[in-house]
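[1] Generate coordinates for the sequence data below:
(2 chains)
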Amino acid sequence: MRVYLDNNATTIVDPHVYEVMEPFFVQKYGNPNSLHQFASDTHKPLKEAMQKIYAGINAKNEDSVVITSCATESNNWVLKSIYFEYILTGRKNHIIISEVEHPSIIATAKFLESKGCKVTYLPINSEGIVEAHTVRDFITDKTALVSIMWVNNETGAIFPIEEIGEICSAKGVLFHTDAVQAIGKVPVNVQRANIDYLTMSAHKFHGPKGVGALYMKKGKELTPLLHGGAQMNGLRSGTLNVAGIVGMGKAMEQSIDALDFEISEVKELRDTLEDALLEIPDTFVVTPRAKRAANTILISFRGIEGEAMLWDLNRANIAASTGSACASEDLESNPVMEAIGAEADLAHTAIRFSLSRYTTKEEIDYTIEVVKNAVDRLRAISSSYAYAPEGHESKL
Amino acid sequence: MGIDSLIGGTIWDQYSDKVTCLMNNPQNMGEITQEQADAMGAKLIVADFGAESCGDAVRLYWAVDPKTDVILESKFKSFGCGTAIASSDTMAELCKGKTVDEAVKITNIDVEKAMRDTPDVPAVPPQKMHCSVMAYDVIKKAAALYKGVDIESFEHEVIVCECARVSLSTLREVIRLNDLTSIEQITDYTKAGAFCKSCIRPGGHEAKDIYLVDLLEEYEKEKLAKQADSGYDAPFAQMTIVQRLKAVEKVIDDNIRQMLVMDGGNIEILDIKENGANFDIYIRYLGACSGCASSSTGTLFAIESILKEKLDQNIRVIPL
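    Next up is the predicted model:
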């Protein structure tokens, strides 16, 4: 059995999505900008796909949902254009993000910091959540943008986006949310949450890789990052990724339809897995279930280094993830584990299981069995559970 | 940059088959209890190195024959990734049958080489090399416990790059002999910094007393100091601007100023500019000199000749 429990990294392309994309490779391959029938063949499917994407986040027709190549592009676009328009011109000097944003936000913010922009990195609480009041505490009259993710990729923690949106709106500060992990997992409604900009990525909700989008509220259109042939009304140049957009539209529609399934059936499987894993002694899960996306578990197994656990899971054909791979060249413990103030000994022990609507009961049962065996084997090797004679002075 | 570095790959693909086998089935994993050691008539040594909070920890057990110092049995327990477990296992294996003094000579490089499938292909990717370093350190710790001495007594040299085992003295010597000015050069010449990269600058896997960047800075400062000391012996053209100014002042002090002062005048140097091949020295006469007819003829000629003779033929003196 092959079990894929790394759906926060990427997902299987829904077969229906694949099906609607296929004609745009060898039959309807025209460039939508051209003046001939090959081009015209793409226009209706593109419009229908865009309508599905708009509907999926409840965007108004006058808003712009601009297709990009990925969430990283969308996130870079927001931060860098805000820098061009507000910071470089001296109108503002400050942006606010959280300390657990995706690298495409954190690394971009650090880059802007090196160019003179002030950046506040909001902390998370012991449940792994950014508290809305911290946003209010740090907004100044020089704050240009607040960028807080909707759902955290590591823990699945759901952040109080509506509350934060309200605070930003009251203070007159632009609000961006990276909703990459939210689409298809929680209801996303840009109007209710006072959102100015919202990032999404098709491959996180069973669409293809290489296509994402940036929602921009009417009147809040950003300076383009990519100049060129004036596609997307000049907001984002580059030949349209026709198959990708069509696929993303279908994937959005399917995910919205499956939202109830996600928060009932997927949640039940997730809870089954979590309950069983928590029966193992010395385990620890980050973020209470009610405050988490239905598909995610970040769990620590004391005494087992994360990469070693992945090794044993991989031998049993189970795919999971760790943010604490000891292969990176930097200080490498899981940033979330550090941020929530977990015990230092647990910093390298976190494993993330992320399910999808394709996960089955059989796969979960198999995973429980494999994890239990891996814990037994690796704790038998672990120095954390090793014999020491009386009077032995542990640690260096 | 090349395809491999652009696309990346999984580090696991770079493990040797031996590393994979040892991770799956470590041969020397386990413990030696006091009772087991007593039954062998051996002294039990239990040594720890590393910390779970840092991502790697190992506990080494030795049963040592107190009469011969031979390690009769050697076992380990490890918190860490696959290469940490495989390295610890190999380390425990290499200790068996050796005397404590022989075991102390086992290095992390011996451990890594013992895990290779073929002699020329590394057993682990560069960023995993630090896992084997812990294996080396825990042996020293065990030996220190056995002998009742300080762990430092086994390390005669300060090691800056533990992965490639490059000492402070080697690095200092190589940097100076080859006039190295970048980290890349140091890595090319010594392999230091090629593996886990902790030793390059603060912020890596582990904190160090001295980093490669410190050694470069130290050499840079040393070169500057040397240049400052020997500056006045160097040709005028090779001096720094400050050295040139001082050299000109010195020549004027030693040869010219006294004469001017005796006549109730003086001179100050305003600037030295490179003008093509020439060095233009801008001066101003003070006191009786200013307005003196000779100041733009005989005196000026004398000043210029002395500076030319003492410092550089391309000097021109321009009074303002």
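[2] which residues of chain B fall in helices?
    B:3-7, B:17-24, B:34-39, B:82-95, B:100-104, B:108-114, B:130-147, B:168-178, B:183-190, B:212-230, B:241-255, B:257-262, B:298-310 (DSSP state H).
[3] Can you tell me which of those is nearest to residue B:120?
    Nearest of those to residue B:120, taken as Cβ to Cβ: helix B:108-114 at 10.5 Å. Backbone N, C-alpha and C define where each C-beta goes, glycine included.
[4] In that closest one, which residues are buried?
    Along helix B:108-114, these residues count as buried under the neighbour rule (16 or more other Cβ atoms under 10 Å in any protein chain shown): B:108, B:111, B:112, B:114.
[5] could the helices of chain B go into a markdown table alongside distance to chain A and mean pLDDT?
    As requested, the helices of chain B are exported to a markdown table (distance: least, Cβ to the nearest Cβ, whole Å; pLDDT from 0 to 100):
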| stretch | distance to chain A | mean pLDDT |
| --- | --- | --- |
| helix B:3-7 | 14 | 81 |
| helix B:17-24 | 6 | 96 |
| helix B:34-39 | 5 | 95 |
| helix B:82-95 | 5 | 95 |
| helix B:100-104 | 17 | 94 |
| helix B:108-114 | 16 | 91 |
| helix B:130-147 | 7 | 86 |
| helix B:168-178 | 20 | 87 |
| helix B:183-190 | 13 | 86 |
| helix B:212-230 | 14 | 87 |
| helix B:241-255 | 31 | 87 |
| helix B:257-262 | 50 | 84 |
| helix B:298-310 | 47 | 87 |
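[6] Tell me which of those is the most buried.
    When those are scored by mean count of other Cβ atoms under 10 Å in any protein chain shown, the highest mean neighbour count falls to helix B:82-95 (a mean of 28).
[7] For that helix, C-alpha coordinates in PDB please.
    C-alpha atoms of helix B:82-95 as PDB (Å, rounded to 0.1, in the frame of the first residue of the first chain):
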ATOM      1  CA  GLY B  82      19.600   7.900   9.700                       C
ATOM      2  CA  THR B  83      23.100   9.000   9.200                       C
ATOM      3  CA  ALA B  84      23.500   9.800  12.900                       C
ATOM      4  CA  ILE B  85      22.300   6.300  13.800                       C
ATOM      5  CA  ALA B  86      24.500   4.700  11.100                       C
ATOM      6  CA  SER B  87      27.600   6.700  12.200                       C
ATOM      7  CA  SER B  88      27.100   5.800  15.800                       C
ATOM      8  CA  ASP B  89      26.800   2.200  14.900                       C
ATOM      9  CA  THR B  90      30.000   2.300  12.800                       C
ATOM     10  CA  MET B  91      31.800   4.100  15.600                       C
ATOM     11  CA  ALA B  92      30.800   1.500  18.200                       C
ATOM     12  CA  GLU B  93      31.900  -1.300  15.800                       C
ATOM     13  CA  LEU B  94      35.300   0.400  15.200                       C
ATOM     14  CA  CYS B  95      35.900   0.600  19.000                       C
END
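[8] picking up where we left off before, output the helices of chain B as TSV; include the columns distance to residue A:219.
    Below are those laid out as TSV (distance: least, Cβ to Cβ, whole Å):
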stretch	distance to residue A:219
helix B:3-7	40
helix B:17-24	57
helix B:34-39	77
helix B:82-95	54
helix B:100-104	73
helix B:108-114	61
helix B:130-147	53
helix B:168-178	59
helix B:183-190	49
helix B:212-230	49
helix B:241-255	57
helix B:257-262	75
helix B:298-310	71
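[9] What is whatever helix or strand residue A:253 lives in packed up against?
    Taking DSSP states H and E as the criterion, residue A:253 maps to helix A:242-257. For helix A:242-257, the elements it packs on are helix A:15-21, helix A:23-26, helix A:37-57, strand A:64-68, judged by 3 or more Cβ pairs under 8 Å, 6 or more residues apart in numbering or on different chains; DSSP states H and E.
[10] Give the rounded mean pLDDT of it.
    Helix A:242-257 shows an average pLDDT of 98 in the prediction.
[11] And the contacts of that helix?
    A:13-14, A:16-18, A:20-22, A:24-25, A:28-29, A:32, A:42, A:45-46, A:48-53, A:55-56, A:67, A:183-184, A:202, A:205-208, A:210-211, A:213, A:262 (Cβ atoms under 8 Å, 6 or more residues apart in numbering or on different chains).
[12] Tell me the buried residues in that helix?
    A:242-256.
[13] quick one: which of the helices and strands packed on helix A:242-257 is nearest chain B?
    Nearest to chain B among the helices and strands packed on helix A:242-257 is strand A:64-68; the distance by Cβ to the nearest Cβ comes to 21.2 Å.
[14] and the lowest-mean-pLDDT helix or strand in chain A, C-alpha only, in PDB?
    Ranked by mean pLDDT, DSSP states H and E, the weakest helix or strand in chain A is helix A:335-339, scoring a mean of 74. Extracted C-alpha coordinates of helix A:335-339, given in PDB (Å, rounded to 0.1, in the frame of the first residue of the first chain):
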ATOM      1  CA  PRO A 335      10.000  27.000  13.400                       C
ATOM      2  CA  VAL A 336       6.500  26.400  14.700                       C
ATOM      3  CA  MET A 337       7.700  24.200  17.500                       C
ATOM      4  CA  GLU A 338      10.100  26.900  18.500                       C
ATOM      5  CA  ALA A 339       7.500  29.600  18.200                       C
END
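[15] ok now it, how far from the chain's centre?
    The chain centre lies 16 Å from the centre of helix A:335-339; the measure is Cα atoms, centre = their mean, to the nearest Å.
[16] wait, does the helix or strand just after it contact chain B?
    Going down the chain from helix A:335-339, the next helix or strand is strand A:350-354, by DSSP H and E. No: Strand A:350-354 lies out of reach of chain B by Cβ under 8 Å from any Cβ of the partner chain, never closer than 11.7 Å.
[17] Which elements pack onto the next helix or strand after the helix holding residue A:253?
    Next in sequence after helix A:242-257, counting helices and strands by DSSP H and E, comes helix A:259-261. Applying 3+ Cβ pairs under 8 Å, 6+ apart, one finds that helix A:259-261 contacts no other helix or strand.
[18] quick one: the strands in chain A?
    Under the criterion DSSP state E, chain A carries strands at the ranges A:3-4, A:64-68, A:94-98, A:118-122, A:143-147, A:174-178, A:197-201, A:212-216, A:283-285, A:296-301, A:318-319, A:350-354.
[19] Out of those strands, which one sits most buried?
    Comparing the strands of chain A by mean count of other Cβ under 10 Å gives strand A:197-201 as most buried, with a mean of 29.
[20] what residue is smack in the middle of chain B?
    residue B:212 (3.4 Å; Cα atoms, centre = their mean).
[21] Would you check that that residue makes contact with residue B:190?
    No: under the criterion of Cβ atoms under 8 Å, residue B:212 makes no contact with residue B:190, lying 9.4 Å away.
[22] Please identify every residue contacting each of those two.
    Common neighbours of residue B:212 and residue B:190, using Cβ under 8 Å, 6+ apart, are B:161, B:171.
[23] Domain map for chain A?
    A:15-257, A:259-380 (automatic domain parsing).
[24] number of nearby residues for the nearest residue to residue B:92 once chain neighbours are set aside?
    Spatial nearest neighbour of residue B:92, excluding adjacent residues (Cβ to Cβ, 6 or more residues apart in numbering or on different chains): residue B:28 at 3.8 Å. Using other Cβ atoms under 10 Å in any protein chain shown, the number of residues around residue B:28 comes to 20.
[25] Grab the nearest non-local neighbour of residue A:52.
    residue A:249 (4.0 Å).
[26] quick one: contacts for residue A:278?
    With contact taken as Cβ under 8 Å, 6+ apart, residue A:278 is in contact with A:285, A:299.
[27] Actually, residue A:204.
    Taking Cβ under 8 Å, 6+ apart, one finds A:7, A:8, A:10, A:11, A:71, A:180, A:181, A:183, A:184 in contact with residue A:204.
[28] Look up how far residue A:353 lies from the first one.
    Applying Cβ to Cβ, to the nearest Å, the value for residue A:7 to residue A:353 is 9 Å.
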